[in-house]
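*Asks:* what's the 3D shape of this:
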Amino acid sequence: MAQWIESLMPHWMRNAVTQRWAVSSSLSRKKERITVLLLCAMAAARVFLFSAAFPFFNNVDERRHFDLVMKYSSGHLPRGAELISPASLPYLSRYASPEFLAAPENFEGGYYGPLWTQPAEEIAPTLAAIEKIWGHTPNQECSQPPLYYVVAAVWFHVGQWIGVKGGSVLYWIRFLNVALIAALVWLAYAAARIVLPDRIAMRVGVPLLVAFIPQDAFYGIENDVLSPICFGITFICLVRWFREERPRISLGIVTGSSIAAAYLTKLSNLPLIFVAISAIAYWCAWGVQSRKVRDAIPALSALVFCAAFPIAAWMVWIKSNFGDFTGSATKAQLLGWTAKPFSDWWSHPIFTLSGFWTFLSELIASFWRGEFMWHARTIGWKGMDMFYVISSLGFFLVAVVSLLRKQTTDAGKAQRRALWIAVASFIAAIAFLGFLSLQFDFGSCINPSRERPYFFQGRLMAGAMIPFASLYVYGLHRLFRAVPALVLPALVAIAIAITISEFFANGVAFASVYNWFHM
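*Replies:* Okay, here's the model as predicted:
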C-alpha cells in the first residue's frame, strides 16, 4: 500500500519525503549516540566514585596485581614465582586497610587508623615489620598473561609524568578502569547495533545494562577488567564474518588480534577463544560450497597469523620459565592445590542438584556484583542476588527458546547466528569454571576450599559480558513482545534498582578513613 501511494506522488514530492526521512533518521541516530555517550559518562562516574571510595588493598589479590604492575613498570617480566617487588613494599605497608577482612574494633592492640597519618618515627618499626613479611611472600600471579599489566604500567608512567605521588599512585592505577568502562559501554552499543539493529530499545538497552552491571572488579587493580573489551571486539568481528559476503584482510587482522589479546589478558578467556575458533570453523564449513572460503583465504590467513603468533610466543615463554604452557602448575603449587585423580572427579558435589545450584547461583550473582568483602562478609544483598540469578536464567531461557524457532528472513537468520554465538560464549564460560572445579583438591585454601570446592568467581567470566547483555536484553524483548514499548522502561527500572542497592551495599566504604577522599 505504501509503495502504491508513493507511486502516485509527483517526483518532487517523493524527493521531499525521502529527504525529510533521511534528516529525521540522522537526527534519531544523533540522539541515540548522545544517549549512549551519557551512559558512558554515567558508568565512568560510577567506577570513579567507587574506585575512590574503596581503600587498598581489596580481598581479590589486589596486592599481587599491583605488584605485577610495578614489576612491568620497571621493565621486568617475571621469570618464575618471584617474591613481592621491593618497589611495592612501601605501598603495601603504608596504605593498606584491614577493613576488607576484619573489623578495626576487633584488633587486640587497639585501632590507630591509617599509618600514613601517624608520625614517621612512631610507625617506622611497624612499617619495617610489614615490609619484611611481604618481602618474603611469593607472588602467585607472576605467570599471568601480560597485556593488562603492560597497559597499567604505561598508565602508571603517565601518572608519574604528571606528578602523581604517594598513595595517590594506587588510585591513579585504579582510575584506568574509568576509561575502560566507558570504552566497554560504547563497545556494547557497537555490538548491539549489529546484533539487534531493529529496535532502539534493544540497541540502547545493551549498553544501558553494561553501564550499570555492578561488577566490583572495576573498582580495583586486576586484569579481569580488560577481558570484556578484548572478547567484546572478538564477538563483533565474529558477527561480521557471518554478515559480509567477502571478509577483508582488515577483518581478519582485527579478529585474530582480539583473540590473541583475550588470551594475553586472562587464561579464563580460553573457553571464549574456543567459541571464536568454532564459529570461524563453522563459517568455513558453511561457505565451503560457494566461493566464500576461497575469496576469504587472505582474511583467514591474517586471522590465523595474528592470533597464533602472539599466543604461541607467550606459551613458549611460559613453558621455558614456569615449566608448563600456562603457568597454572606453579600457581596451584603456591596455593596448595593438588590435582585429583580422574576417578575422584565424580564424587564432586557439583553433580548433585544442591551442589550444582550452589555453583550456578553463586557464580551468576558474583558475575553481576563481584566478590568484595567488608569485615570478612561478602558485600551485597541476598534479595538482589536472587534477582540477578532468576532474571539471568529466565531471560536466557526465553532467548534460547526463541532462537530455536526458525527465521525465514535473511536478517532474522543473521541475528540468530549472532545470538547463538552469544549463547555458546555464556555456556562455555560457565562450563569451563565447572570443569576447573572438578580438577583440584584445594587443601587449606580459603576460596575455593574443600568445603566449597567451586570456582564461582564471576569476574573469571567477565569476557562474556557483552554476549550476556545481548542475550539478556533479547530475552526481555521476547518476553515483552506483545508490548515492546515496555522493554526500555523495564531496563531503566532494573538499572535504577541496581544503582540504589549498590550504593546502599557499598556505602560502608565511604566511611572508611583509608580511602582516597581522606588521603
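*Asks:* and the residue lying closest to D385 once chain neighbours are set aside, what helix or strand is that in?
*Replies:* In this structure, D385 finds its nearest non-sequential neighbour in A365, 4.0 Å apart by Cβ to Cβ, 6 or more residues apart in numbering. Every C-beta, even on glycine, is put in place using the N, C-alpha and C of the backbone. Using DSSP states H and E, A365 falls within helix 353-369.
*Asks:* that helix packs against which elements?
*Replies:* Judged by 3 or more Cβ pairs under 8 Å, 6 or more residues apart in numbering; DSSP states H and E, helix 353-369 is in contact with helix 382-403, helix 410-439.
*Asks:* direction included, what does whatever helix or strand comes next after the longest one pair against?
*Replies:* This points to helix 410-439. For helix 410-439, the following helix or strand on the C-terminal side (DSSP H and E) is strand 440-441. Sheet pairing of strand 440-441 (DSSP bridges) gives strand 338-339 (antiparallel).
*Asks:* what residues are up against R459?
*Replies:* Applying Cβ atoms under 8 Å, 6 or more residues apart in numbering, we find R459 in contact with V60, Q215, A217, E222, D224, S366, F367, G370, E371.
*Asks:* repeat that with 10 Å
*Replies:* Neighbour list for R459: 60, 215-218, 220, 222-225, 227, 266, 268, 366-367, 370-371 [criterion: Cβ atoms under 10 Å, 6 or more residues apart in numbering].
*Asks:* could you check how far it is from F440?
*Replies:* According to Cβ to Cβ, to the nearest Å, R459 stands 19 Å off from F440.
*Asks:* could you do G166 as well?
*Replies:* According to Cβ to Cβ, G166 and F440 sit 40 Å apart.
*Asks:* can you check L101 too?
*Replies:* Per Cβ to Cβ, L101 is found 23 Å from F440.
*Asks:* and P453, by the same measure?
*Replies:* Taken as Cβ to Cβ, the span from P453 to F440 is 8 Å.
*Asks:* between G166 and F440, which one's more packed in?
*Replies:* More crowded of G166 and F440, by other Cβ atoms under 10 Å: F440, with 19 against 12.
*Asks:* isn't the more buried one up against P448?
*Replies:* Yes: look at F440 against P448 with Cβ atoms under 10 Å: they come within range, at 7.7 Å.
*Asks:* which residues do those two both contact?
*Replies:* Shared contacts of F440 and P448, defined by Cβ under 10 Å, 6+ apart, comprise L335, W337, F455.
*Asks:* now, which of the contacts of R459 lie within helices?
*Replies:* With helices defined by DSSP state H, the entries of these inside them are S227, S366, F367.
*Asks:* just those now: which is nearest Y282?
*Replies:* Nearest to Y282 among the ones in helices among the contacts of R459, counting by Cβ to Cβ, is S227 at 23.3 Å.
*Asks:* wait, isn't the closest one in contact with S425?
*Replies:* No: using Cβ under 10 Å, S227 makes no contact with S425, being 11.7 Å away.
*Asks:* residues of the helix holding A365 that come out buried?
*Replies:* The neighbour-count check on helix 353-369 (16 or more other Cβ atoms under 10 Å) flags 355, 358-369 as buried.
*Asks:* next one: stretch 231-244
*Replies:* Buried residues in stretch 231-244, counted by 16+ other Cβ under 10 Å: F231, G232, I233, T234, F235, I236, C237, L238, V239, R240, W241, F242.
*Asks:* please name the nearest non-neighbouring residue to the fourth one.
*Replies:* Distances taken as Cβ to Cβ, 6+ apart place S258 nearest to T234, at 4.3 Å, with adjacent residues excluded.
*Asks:* same thing with A179?
*Replies:* Spatial nearest neighbour of A179, excluding adjacent residues (Cβ to Cβ, 6+ apart): A44 at 7.5 Å.
*Asks:* quick one: contacts for that neighbour?
*Replies:* Contacts for A44 (Cβ under 10 Å, 6+ apart) come out as F175, N177, V178, A179, L180, I181, A182, A183, V185, A211.
*Asks:* that older thread, nearest to V151 among the buried residues of stretch 231-244?
*Replies:* Nearest to V151, judged by Cβ to Cβ, of the buried residues of stretch 231-244 is I233 at 14.6 Å.
*Asks:* now the closest one. Nearest residue, chain neighbours left out?
*Replies:* Nearest to I233 is S258, by Cβ to Cβ, 6+ apart, at 4.0 Å.
*Asks:* OK, contacts around that neighbour?
*Replies:* By Cβ under 10 Å, 6+ apart, the contact set of S258 is 229-238, 273, 276, 303, 306-307.
*Asks:* need the per-residue pLDDT for it.
*Replies:* In this model, S258 is scored at 98, pLDDT.
*Asks:* now do the buried residues in stretch 436-446.
*Replies:* By neighbour count with 16+ other Cβ under 10 Å, stretch 436-446 contains the buried residues S437, L438, Q439, F440, F442.
*Asks:* what about the strands in this protein?
*Replies:* Ranges of strands in the chain, per DSSP state E, are 338-339, 373-374, 377-378, 440-441.
*Asks:* can you tell which of those is closest to G113?
*Replies:* Per Cβ to Cβ, nearest to G113 of the strands of the chain: strand 373-374, 17.1 Å.
*Asks:* where in the stretch 201-350 of the chain is pLDDT low?
*Replies:* Residue ranges of the stretch 201-350 of the chain with pLDDT under 70: 287-290.
*Asks:* could you pull out the helices for it?
*Replies:* 227-243, 249-263, 270-286, 292-295, 297-322, 328-335 (DSSP state H, counting those that start in this stretch).
*Asks:* same deal with the stretch 51-200 of the chain?
*Replies:* Using DSSP H, counting those that start in this stretch, helices in the stretch 51-200 of the chain cover 62-73, 89-94, 120-135, 147-162, 168-174, 176-195, 200-212.
*Asks:* got the helices of the stretch 201-350 of the chain as CSV, with distance to I200 columns?
*Replies:* Formatted as CSV, those follow (distance: least, Cβ to Cβ, whole Å):
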stretch, distance to I200
helix 227-243, 19
helix 249-263, 27
helix 270-286, 27
helix 292-295, 32
helix 297-322, 32
helix 328-335, 45
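*Asks:* deepest of these, which one?
*Replies:* helix 227-243 (a mean of 25; mean count of other Cβ atoms under 10 Å).
*Asks:* for that one, packing partners?
*Replies:* Under the contact criterion of 3 or more Cβ pairs under 10 Å, 6 or more residues apart in numbering; DSSP states H and E, helix 227-243 touches helix 147-162, helix 176-195, helix 249-263, helix 270-286, helix 297-322, helix 410-439, helix 465-479.
*Asks:* return the distance of that helix from the chain's centre.
*Replies:* Remark: helix 227-243 is offset 14 Å from the chain centroid, using Cα atoms, centre = their mean, to the nearest Å.
*Asks:* next, the angle helix 270-286 makes with it.
*Replies:* Counting by axes from the mean of the first three to the mean of the last three Cα atoms, to 10 degrees, helix 227-243 points 10 degrees away from the direction of helix 270-286.
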